[in-house]
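> how would this look folded up:
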Amino acid sequence: MFYVLGIVVAVLALLGLVATSMQVKFYGYAPVLGPAFPLYFLVSFVPTIVGLVMLFRARRRSPSANEKNRFSYVLVGVAMSLVEDISDIIPALGIQSYPLGIVGDLGFGILTTVAITIDGGSSPVI
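Reported below is the predicted structural model:
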């Protein structure tokens, strides 16, 4: 279903219905949100939230403390990225704030790298 919605949103974006134009903000350029933006938001964020819930459940079921630790790093990284990506939308809604999506995505990358590269039990549990 999300693949089909993704294709629909891509077509709507090409038609200029997701973002109608760009506007200058104090930090640079921001999109002017179009009427199809809520659908884009749905297609972008709902799968991420579903993935976050699945990671949380997998962490709870894991018998290994090392694996739980790795899941924790990824969970914190995904949550950080999600919150910071939402901060990218807030200025487009007219609220004066600085978008921090890049910072959240960097945090996700760093925490995921740590989760992949740590060896058994050598790092503190989050």
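
> From now on I want contacts and neighbour counts done on CA atoms only, so please keep to that.
Fine.

> for the residue most central in space within the chain, what are its contacts?
With distances taken as C-alpha atoms, centre = their mean, L82 lies nearest the centre of the chain, 3.3 Å away. If a contact means C-alpha atoms under 8 Å, 6 or more residues apart in numbering, then L82 has 45, 48, 104 as its contacts.

> How much space separates V76 from I116?
Counting by C-alpha to C-alpha, to the nearest Å, the separation of V76 from I116 is 14 Å.

> remind me which residues of the protein are low pLDDT?
Low-confidence regions of the chain, defined by pLDDT under 70, span residues 119-126.

> Going by residue numbers, what spans are helices in it?
With helices called from DSSP state H, the chain shows them at 2-14, 37-61, 65-89, 101-117.

> what angle do the shortest one and helix 37-61 make?
So the one you mean is helix 2-14. An angle of 150 degrees separates the directions of helix 2-14 and helix 37-61 when computed by axes from the mean of the first three to the mean of the last three C-alpha atoms, to 10 degrees.

> quick one, which of the helices of the chain is nearest to Q23?
Distances from Q23 to each of the helices of the chain were compared by C-alpha to C-alpha, and the smallest falls on helix 65-89, at 13.2 Å.

> from the chain's centre, how far out does that closest one sit?
Relative to the mean C-alpha coordinate of its chain, helix 65-89 is positioned 9 Å out (C-alpha atoms, centre = their mean, to the nearest Å).

> Also stretch 22-36?
Between the mean C-alpha point of stretch 22-36 and the mean C-alpha point of its chain there is a distance of 19 Å (C-alpha atoms, centre = their mean).

> and if you look at stretch 45-61?
Distance, centroid of stretch 45-61 to centroid of chain: 13 Å (C-alpha atoms, centre = their mean).

> Show me which parts of that stretch are buried, residue by residue.
48, 52, 55-56, 59 (16 or more other C-alpha atoms under 10 Å).

> what does stretch 33-48 give?
Applying 16+ other C-alpha under 10 Å to stretch 33-48 flags 33, 36-37, 40, 43, 48 as buried.

> For that stretch, C-alpha coordinates in PDB please.
Backbone C-alpha positions of stretch 33-48 (Å, rounded to 0.1, in the frame of the first residue of the first chain) are rendered in PDB as follows:
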ATOM      1  CA  LEU A  33       3.400  23.400   1.300                       C
ATOM      2  CA  GLY A  34       0.800  22.400  -1.200                       C
ATOM      3  CA  PRO A  35      -2.600  20.600  -0.700                       C
ATOM      4  CA  ALA A  36      -1.100  17.100  -1.100                       C
ATOM      5  CA  PHE A  37       1.500  17.600   1.600                       C
ATOM      6  CA  PRO A  38      -0.400  15.700   4.300                       C
ATOM      7  CA  LEU A  39      -0.400  12.600   2.000                       C
ATOM      8  CA  TYR A  40       3.400  13.000   1.600                       C
ATOM      9  CA  PHE A  41       3.700  13.300   5.400                       C
ATOM     10  CA  LEU A  42       1.700  10.100   5.800                       C
ATOM     11  CA  VAL A  43       3.800   8.200   3.200                       C
ATOM     12  CA  SER A  44       7.000   9.400   4.800                       C
ATOM     13  CA  PHE A  45       6.500   9.100   8.500                       C
ATOM     14  CA  VAL A  46       4.000   6.300   9.100                       C
ATOM     15  CA  PRO A  47       6.400   3.500   7.700                       C
ATOM     16  CA  THR A  48       9.200   5.000   9.900                       C
END
